[in-house]
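Student: the sequence isn't on hand, but the structure is:
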């Protein structure tokens, strides 16, 4: 069986996109990574409707990407802050890769909004693909993709 004969129902890319593969969801995650926690702040900064924001936050909490943490301002009703879980933080390299691609191919003349640097040495941060034997900066021609144990024939 080769790739075209394999079902994509169990594809990790497809399953990931089922959770985060929508523009507003990625922008909510971008803001959460950068410290945004409250509904009103997401609403103001991302610029989507309250209904869409509520739906996306609910889905991210249900998927375990965000957790809702109650807070209460004096004299106000209880509300939730939304914080990334470990599962949510594991999407950080994906967001960094999208940003890196955007800086290379979709950046306006004014430059990037954020300048992400390594705290210890102040060098710019970049995403690279590495193997588990610590060979870094692999290119597509350096890897071989084989069907894995979850591969099933297309029906």
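Tutor: Nice, I can see it. Treat the numbers as computed from the prediction; the structure is a model and nothing was measured.
Student: next, count neighbours for residue 106.
Tutor: Applying other C-beta atoms under 10 Å, we find 8 other residues in the vicinity of residue 106. All C-beta atoms are positioned from the backbone trio N, CA, C, and that covers glycine.
Student: actually residue 81, sorry about that
Tutor: Residue 81, neighbours per other C-beta under 10 Å, totals 15.
Student: tell me the SS of it?
Tutor: What DSSP: H, G, I helix; E, B strand; the rest coil gives for residue 81 is strand.
Student: shouldn't it be in contact with residue 73?
Tutor: No. Residue 81 is beyond contact range of residue 73, at 11.3 Å (criterion: C-beta atoms under 8 Å).
Student: now do the same contact list for the residue nearest to residue 69 when sequence neighbours are not counted.
Tutor: Closest residue in space to residue 69, ignoring its immediate chain neighbours: residue 81 at 4.8 Å, by C-beta to C-beta, 6 or more residues apart in numbering. Applying C-beta atoms under 8 Å, 6 or more residues apart in numbering to residue 81 gives the contacts 37, 38, 68, 69, 70, 71.
Student: ok, now residue 116?
Tutor: 96, 99, 124, 125.
Student: relative to residue 52, how far out is it?
Tutor: According to C-beta to C-beta, to the nearest Å, residue 116 and residue 52 sit 27 Å apart.
Student: confidence score at residue 79?
Tutor: As predicted, residue 79 sits at a pLDDT of 94.
Student: just the strands in the protein please.
Tutor: 66-72, 78-84 (DSSP state E).
Student: report the central residue of this protein.
Tutor: residue 91 (4.0 Å; C-alpha atoms, centre = their mean).
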